[in-house]
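Chemist: Give me a 3D structure for the following:
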Amino acid sequence: MNAAVPSASHGLVDQFGRRIDYVRLSVTDRCDLRCSYCMPEGFKGFEEPAHWLDFDEIERLIGAFARLGVRRVRLTGGEPLLRRNIAELAARIAALPGIEDLSLSTNATQLDRHAHALKAAGVTRLNVSLDSLQQARVERINGRDVLAKVMAGLAAAEGAGFAPIKLNMVALAGTNDDEIDEMVAFCMARGFVLRLIETMPMGDTGRNAEYLDLQPVKERLRAQFGLVETTLPGAGPARYLGTPDGRFNVGFITPISQHFCATCNRVRVAVDGTAYMCLGQDERFEFRPLLRSGCSDAELDAAILDAINLKPERHEFREAPAKILRFMSMTGG
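Modeler: All right, here's what the predicted structure looks like:
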């Protein structure tokens with residue numbers, strides 16, 4: 001392991017000069033939906049709960065990342081609201097020295113029960129998955145009839161004071177691409193930020209999804225609504241356009257048509273403590289054995305440095321779309 005551990009002022013920098021300040025933390029690989037592009041119906045390959053990091057282990061690991069310069073954490077899944085006592089975990093992470101931004105991604109089916117507790121715990125931002133405004137399409141894409149639950153969750157999030165709320169729409173050719181303008185209108189009316197996402201070839205579900213190149217969509221919306229380049233708070237890869245008055249913003253997450261590897265600032269930690277350095281490569285580091293062997297803080301810090309040094313320069317989704325066999329839910333959102 002590395003002998004020297006940098007102070008937080010230097011931060012985590014990978015071998016390609018990218019500063020790593022963002023961890024996407026999966027708190028469960030379970031989900032109550034079976035989205036066509038993520039987890040297939042009948043999937044049984046879940047991690048054993050005994051292998052999940054417990055709250056003490058999560059707090060220690062994220063605390064070490066924060067010591068070394070990570071400032072942003074996003075709670076993901078599976079569906080993170082299925083993890084028992086999720087608000088307690090959120091509060092523990094929000095209180096860690098160095099953590100400046102704690103966000104959460106959710107399908108919102110459980111959000112009406114958790115929104116106020118999450119806000120009180122210190123979650124600052126929410127991303128909500130919503131691929132359609134039509135009940136039949138939601139059921140087809142997500143494998144469940146949950147549109148009413150999602151809408152109730154959005155209302156609860158607004159009531160709890162989350163603003164702006166970002167809606168993530170995976171754009172699928174021939175399935176919901178004709179609904180993009182309707183989703184724009186919906187977000188404009190509600191004050192939500194819309195984020196359009198290209199599917200990624202993660203497992204058979206991702207490779208079989210109806211990929212849609214978002215570059216023509218981006219240019220059409222730019223012209224149709226007079227949108228201009230803008231930025232929004234957050235550490236993710238979205239490139240944003242917005243109305244000149246700032247009342248509406250739409251982001252584009254384009255790992256295939258316009259990848260963002262050169263500015264990638266994140267790693268993913270799965271529920272079992274495995275850190276994945278890239279969605280499109282196999283480099284990983286398993287922290288659970290280290291945490292459960294009684295490692296010192298110095299050993300944990302050095303292990304994080306070793307893990308960051310594994311981060312590859314870029315994915316190969318175009319060149320090798322069949323390379324990654326794991327599903328998105330197994331990787332950590």
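
Chemist: Helix or strand next in line after the worst-scoring helix or strand of the chain on mean pLDDT, which one?
Modeler: None of the helices or strands of the chain scores lower by mean pLDDT, DSSP states H and E than helix 203-208, at a mean of 47. Where DSSP states H and E defines the elements, the next helix or strand beyond helix 203-208 is helix 214-225.

Chemist: Render the CA-only coordinates of that next one in CSV, please.
Modeler: Output of helix 214-225 as CSV, limited to C-alpha atoms (Å, rounded to 0.1, in the frame of the first residue of the first chain):
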residue,chain,number,x,y,z
LEU,A,214,-29.6,12.7,-27.3
GLN,A,215,-27.5,15.1,-29.4
PRO,A,216,-30.3,15.8,-31.9
VAL,A,217,-32.8,16.0,-29.1
LYS,A,218,-30.5,18.6,-27.4
GLU,A,219,-30.3,20.8,-30.5
ARG,A,220,-34.0,20.5,-31.1
LEU,A,221,-34.9,21.7,-27.6
ARG,A,222,-32.3,24.4,-27.8
ALA,A,223,-33.9,25.9,-30.8
GLN,A,224,-37.5,25.2,-29.8
PHE,A,225,-37.3,26.9,-26.4
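
Chemist: Contacts for it next, please.
Modeler: 171, 177, 180, 184, 196, 198, 227, 241, 243, 248, 250, 252, 254, 257-258 (Cβ atoms under 8 Å, 6 or more residues apart in numbering). Just so you know, the C-beta spots here come from the backbone N, C-alpha and C atoms, and that holds for glycine as well.

Chemist: Filter those down to just the ones in strands.
Modeler: Counting by DSSP state E, those place Leu196, Leu241, Val250, Phe252 in strands.

Chemist: export those to a markdown table and tack on distance to Pro289 and pLDDT?
Modeler: Formatted as a markdown table, these follow (distance: Cβ to Cβ, whole Å; pLDDT from 0 to 100):
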| residue | distance to Pro289 | pLDDT |
| --- | --- | --- |
| Leu196 | 39 | 97 |
| Leu241 | 45 | 97 |
| Val250 | 43 | 98 |
| Phe252 | 39 | 96 |
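
Chemist: Check the residues you listed and tell me the two furthest apart.
Modeler: Across those, the longest distance by Cβ to Cβ is 10.4 Å; it joins Leu196 and Leu241.

Chemist: who has more neighbours, the two?
Modeler: Under the criterion of other Cβ atoms under 10 Å, the comparison of Leu196 against Leu241 puts Leu196 first, with 24 against 19.

Chemist: if I read this right, that one contacts Asn249, doesn't it?
Modeler: No: counting by Cβ atoms under 8 Å, Leu196 does not reach Asn249; the two are 11.7 Å apart.
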